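> give me a 3D structure for the following:
(chains A and B)
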2 protein chains.
Amino acid sequence: MVNYPTGSLINFNDGQTRDLINKTKNKKVARHKDTVFSDRGMNLEQQINESNNYYLSKNIAVVHKKPTPVQIVKVDYPKRSRAVIKEAYFRQASTTDYNGVYKGYYLDFEAKETRNKQSFPLKNFHEHQIIHLSQCLRQQGICFTIIRFATLNRYFVTPASFIVDAWYAWKKKDKSSISLIQLSENSIEIKSSYRPTLPYLQAVDKIIERSEVKNDR
Amino acid sequence: MVNYPTGSLINFNDGQTRDLINKTKNKKVARHKDTVFSDRGMNLEQQINESNNYYLSKNIAVVHKKPTPVQIVKVDYPKRSRAVIKEAYFRQASTTDYNGVYKGYYLDFEAKETRNKQSFPLKNFHEHQIIHLSQCLRQQGICFTIIRFATLNRYFVTPASFIVDAWYAWKKKDKSSISLIQLSENSIEIKSSYRPTLPYLQAVDKIIERSEVKNDR
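Next up, the predicted model:
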């Protein structure tokens, strides 16, 4: 069996399509008005992208956001101008959004925002993200999530093992969200800053330290 | 300055657009006829994808091909069917095609095919791929290329440091290609197989061994 990279096409009404549609919409809005929210008008994705650019430019780490997977069906090649994709569909991603390398360590993470003030709903994580984080943990990757409580302006870097356990517990009828208190006890809190906008590698250093002690690598 | 992920759009007549167009065309062809070439009708990309699926299913490594970066401009949301992208453009990639994690090591590589029999032309590597490989090497990633001589049915896994040096030497008016002899002397040759189709991690183990000796990690 040849596995073509066409993959599975996602349904029109599942959570991920909604996310993708919202992302596309947000981008359009963001392009028109520059500074609407706090933190220089950036959403979490923009803060992370800017931080990654900073880390890259200073030779500190190489981390990139993965492109949205798209199934291209029809492309036009007008003369004297660039190729235009005329028909394409969103595809189911099979990984998290970010990965890269830092001091020889493989980093893998997913970033999420909530406007809640008391808790983080676990349904924000999709099954493929949880599975991918588990797979990378098994390969000794440094895996985590970055969760932003937008209205509180608080940021938590959480080891993926905690999130994965909470997610599977929810699927077995345990609580459907993580309380803010529980999250803060199991995370490293970071503050948004100037350069980089979100210095998440400070928290990664602590996660690496702990995993070194555990794995005696 | 907010860095939107829109990035730079690529020109219609550069090498990368041609590659993308060829990829799209090849995929269409491949979907219609199943077994045309040797090695069960797979091109190098398909062989690597299948090998990655095998490694993933056996908990040996987590390596994925990155999606082609696309700038989405217009999306239709027809009722009762999935969202359709109606206008989009190819964007300049900023990384290689493959990365992942294996036994705690960050892997990063690019795969290329040639129908030449005597040498591999360095113009097959784009500048952004060479820059990205250099950046990942600096972060102690395990970086390499997989080059297939299609007509000879030979596969070489080459440490990225060798390719990067040859590429920059070419830019300084040195030779524009690597001879087959030179490549075989500086690579680990692998054979296509059954499970996985292309057991490239055998070569990666050797690259890791050498880099351990050098870095005393």
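> which strand or helix spans residue A:64?
Following DSSP states H and E, one finds residue A:64 within strand A:62-65.
> with just CA atoms, put that strand into PDB.
Once non-C-alpha atoms are left out, strand A:62-65 reads as follows in PDB (Å, rounded to 0.1, in the frame of the first residue of the first chain):
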ATOM      1  CA  VAL A  62      15.400  27.000  15.800                       C
ATOM      2  CA  VAL A  63      11.700  26.700  16.300                       C
ATOM      3  CA  HIS A  64       9.100  27.100  13.500                       C
ATOM      4  CA  LYS A  65       5.300  27.000  13.300                       C
END
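> what lines up beside it in the sheet?
Looking at strand A:62-65 with DSSP bridges, its partner strands are strand A:98-102 (antiparallel).
> for the strand it pairs with, output the C-alpha coordinates as CSV.
Taking C-alpha atoms only, strand A:98-102 is exported to CSV below (Å, rounded to 0.1, in the frame of the first residue of the first chain):
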residue,chain,number,x,y,z
TYR,A,98,5.4,24.0,16.8
ASN,A,99,8.6,22.0,17.0
GLY,A,100,12.3,22.6,16.7
VAL,A,101,15.8,22.2,18.3
TYR,A,102,17.4,23.9,21.3
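> now that strand: average pLDDT?
Averaged across strand A:98-102, pLDDT comes to 98.
> can you tell me if the very next helix or strand once past it touches chain B.
Of the helices and strands lying after strand A:98-102 in sequence (DSSP H and E), the nearest is strand A:105-114. Yes: counting by Cβ under 8 Å from any Cβ of the partner chain, chain B has neighbours in strand A:105-114: A:105-106, A:108. The way it works is simple: take the backbone N, C-alpha and C, and place the C-beta from them, glycine included.
> for ChimeraX, what selects the buried ones among the residues you listed?
Only the buried members of those end up in this ChimeraX selection, burial being decided by 16 or more other Cβ atoms under 10 Å in any protein chain shown:
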select /A:105,106,108
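> for the helix or strand just after the strand holding residue A:64, buried residues please.
Heading C-terminal from strand A:62-65, the first helix or strand you meet, by DSSP H and E, is strand A:70-76. With burial defined by 16+ other Cβ under 10 Å, the residues of strand A:70-76 counted as buried are A:70-72, A:75.
> ok, residue A:212 - how many residues close by?
The number of residues packed near residue A:212 is 10, by other Cβ atoms under 10 Å in any protein chain shown.
> sorry, wrong one. I was asking about residue A:195.
Residue A:195, neighbours per other Cβ under 10 Å, totals 9.
> quick one: low-confidence ranges for chain A?
Regions of chain A meeting the criterion pLDDT under 70 cover residues A:1-40, A:213-217.
> which parts of it are strands?
A:62-65, A:70-76, A:84-90, A:98-102, A:105-114, A:119-121, A:142-149, A:154-159, A:177-179, A:188-190 (DSSP state E).
> quick check, residue A:106 in contact with residue A:137.
No: applying Cβ atoms under 8 Å, one finds residue A:106 not in contact with residue A:137, separated by 10.6 Å.
> quick check: the closest residue to residue A:170 other than its chain neighbours vs residue A:45, distance?
Among residues not flanking residue A:170 along the chain, residue A:122 sits closest, at 4.7 Å (Cβ to Cβ, 6 or more residues apart in numbering or on different chains). Between residue A:122 and residue A:45 the distance is 20 Å, computed by Cβ to Cβ, to the nearest Å.
> now do residue A:171
Relative to residue A:45, and taking Cβ to Cβ, residue A:171 is found at 26 Å.
> how many other residues sit next to the residue found closest to residue A:124 once you drop the neighbours it is linked to in the chain?
Nearest residue to residue A:124 in three dimensions, chain neighbours excluded: residue A:112, at 4.9 Å (Cβ to Cβ, 6+ apart). Residue A:112 is flanked by 16 other residues according to other Cβ under 10 Å.
> isn't residue A:112 up against residue A:147?
Yes: using Cβ under 8 Å, residue A:112 is in contact with residue A:147, at 5.3 Å.
> list residues touching both of those two?
Residues touching both residue A:112 and residue A:147 by Cβ atoms under 8 Å, 6 or more residues apart in numbering or on different chains: residue A:120.
> who are the contact partners of the residue nearest the centre of chain A?
Nearest to the geometric centre of chain A sits residue A:110, at 2.6 Å (Cα atoms, centre = their mean). Contact analysis of residue A:110 by Cβ under 8 Å, 6+ apart lists A:96-98, A:125, A:129, A:133, A:145-146.
> same deal with residue A:112?
Neighbouring residues of residue A:112 by Cβ under 8 Å, 6+ apart: A:44, A:120, A:124-125, A:145-148.
> distance of it relative to chain B?
Counting by Cβ to the nearest Cβ, to the nearest Å, the gap from residue A:112 to chain B is 17 Å.
> how much space separates that residue from residue A:179?
Separation of residue A:112 from residue A:179 (Cβ to Cβ): 16 Å.
> next, count neighbours for the nearest residue to residue A:98 once chain neighbours are set aside.
Distances taken as Cβ to Cβ, 6+ apart put residue A:109 closest to residue A:98, at 5.1 Å, once the chain neighbours are dropped. Per other Cβ under 10 Å, the neighbour tally for residue A:109 reads 25.
> list phi and psi for residue A:141.
Dihedral pair for residue A:141: phi -70, psi 160, per degrees, to the nearest 10.
> surely it and residue A:104 touch.
No: applying Cβ under 8 Å, one finds residue A:141 not in contact with residue A:104, separated by 11.8 Å.
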